[in-house]
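Trainee: Predicted structure and sequence below. I'll ask about it afterward.
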Amino acid sequence: MKTHILSIIATLIGSFIGAYGAILLKKASSKISFRKLRFNTHLIIGAGIYGFSTIVFIIALKFGDLSILYPLVATTYAWIALFSIYFLKEHMNLMKWLGILAILVGVTMISVAA
Amino acid sequence: MRTQRWAILLVAFCTLLTAAGQLFYKLGANSLVFTPVGLITNYFLWIGGIIYIISAALFIVALRGGDLSVLYPIVALSFIWVTLLSGSILKEPITNLKIGGIVFIIGGIWLIGLGSREK
C-alpha cells in the first residue's frame, strides 16, 4: 500500500501531541499510588491527549504502510526526551540520546523488514 | 530523581500486558459480530479491553518511580513482543533484519539505563 502523505503528517503530529500527553501523565503520577487512585486534571487531560493521538495513529494506518509509519511513531521517544528537559526538568546526556537513536534505528529495521 | 528498578520492571511488565491485550483484541476482532449483542458477548474484546486498562493504570503508577525520559523508552519493548508474537502465531518469518532491530532496541534501552545513572 502506498503511504498517503497525510498519513505521514498525521502520524508525526500525533507523535508530537502524544508525547505531550505522556508529560501530563508523568505529572499526574505524582498524585497517584497503589493505595489511592484519584483522578486529577493532569490525568484526565493527559489520558485524553494520549488517547486522541492513538486514534490518529489507527486512522493513519488505514492509509499508510506500517513500514513507514511505525518508525515515525517511534519519534515519540525523541519528543518525550526533549519535552522532559523543558517540562519536567529532567536531564538528557549523550548516552541517553544514543539510546534513543538506537531505538529509532531498531524500530526502523523491524518495520521495513517485511 | 534516580529512576528506581521497580518502576523499570513495572513498565516492562506493562508492555507484556499490552501485547497480551492486543492479542485478545485481534482474536476478538476476528470473531467480531458487529451488532450490540455480538459486541457484548465478544469476551475476547472484553478481556483485551480490561487488560489494556490495567496496563495503562500500572504504567501511570510506574511513572512515580523515575524519569519519564528513562521509563517511556522501555515501551519500545512492545515492538519486540509484536515481532515475536507475529513470528510464532502468524508465522511471519523473523528475518535477520528483524533480529538486528530487536538487538538495537534492547541496546538502546540499555544505553538509556546507563545514561540515567550519571549524576
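Mentor: That came in fine, so what should we check first? Numbering: from 1, shown residues only, chains lettered A, B, ... in the order given.
Trainee: Quick check: residues of chain B near chain A?
Mentor: Applying Cβ under 8 Å from any Cβ of the partner chain, we find that chain B lies next to chain A at B:56-57, B:59-64, B:67-70, B:72-73, B:76, B:79-80, B:83, B:95, B:97-98, B:100-116, B:118. C-beta: built from backbone N, CA, C; applies to glycine.
Trainee: redo that, cut-off 7 Å
Mentor: For chain B, the contact set with chain A under Cβ under 7 Å from any Cβ of the partner chain comprises B:57, B:60-61, B:63-64, B:67-69, B:72-73, B:76, B:79, B:83, B:95, B:97-98, B:100-102, B:104-105, B:107-109, B:111-112, B:114-116, B:118.
Trainee: Which ones among those lie within helices?
Mentor: B:57, B:60-61, B:68-69, B:79, B:83, B:97-98, B:100-102, B:104-105, B:107-109, B:111-112, B:114-115 (DSSP state H).
Trainee: filter these to the buried ones?
Mentor: Neighbour counting by 16 or more other Cβ atoms under 10 Å in any protein chain shown classes B:60-61, B:68-69, B:79, B:83, B:98, B:101-102, B:104-105, B:107-109, B:111-112, B:115 among those as buried.
Trainee: Report the central residue of the chain.
Mentor: Answering for chain A, as no chain was given. A:Thr76 (3.3 Å; Cα atoms, centre = their mean).
Trainee: oops, chain B please
Mentor: B:Thr15 (2.3 Å).
Trainee: can you pull the contacts of the closest residue to B:Leu68 other than its chain neighbours?
Mentor: In space, and not counting its chain neighbours, B:Leu68 is closest to A:Lys26: 4.3 Å by Cβ to Cβ, 6 or more residues apart in numbering or on different chains. By Cβ atoms under 7 Å, 6 or more residues apart in numbering or on different chains, the contact set of A:Lys26 is A:88, B:63, B:68.
Trainee: How about B:Tyr72?
Mentor: Contacts of B:Tyr72 by Cβ under 7 Å, 6+ apart are A:22, A:77, A:80.
Trainee: if you set the cut-off to 8 Å instead, what comes out?
Mentor: A:22, A:76-77, A:80, B:11 (Cβ atoms under 8 Å, 6 or more residues apart in numbering or on different chains).
Trainee: try A:Ser7
Mentor: A:Ser7 touches A:60-61, A:63-64, A:69, counting by Cβ under 8 Å, 6+ apart.
Trainee: Can you flag which of the residues you listed belong to helices?
Mentor: A:60-61, A:69.
Trainee: Would you mind measuring from A:Leu43 to A:Ile110?
Mentor: Applying Cβ to Cβ, to the nearest Å, the value for A:Leu43 to A:Ile110 is 32 Å.
Trainee: So which of those two has more stuff around it?
Mentor: A:Ile110 (29 against 19; other Cβ atoms under 10 Å in any protein chain shown).
Trainee: residues contacting the residue lying closest to B:Ile74 once chain neighbours are set aside?
Mentor: Excluding the flanking residues, the one nearest B:Ile74 by Cβ to Cβ, 6+ apart is B:Val11, at 4.4 Å. Neighbouring residues of B:Val11 by Cβ under 8 Å, 6+ apart: B:59, B:62, B:71-72, B:74-75.
Trainee: By neighbours, which of these wins?
Mentor: Counting by other Cβ under 10 Å, top hit in these: B:Leu71 with 29 neighbours.
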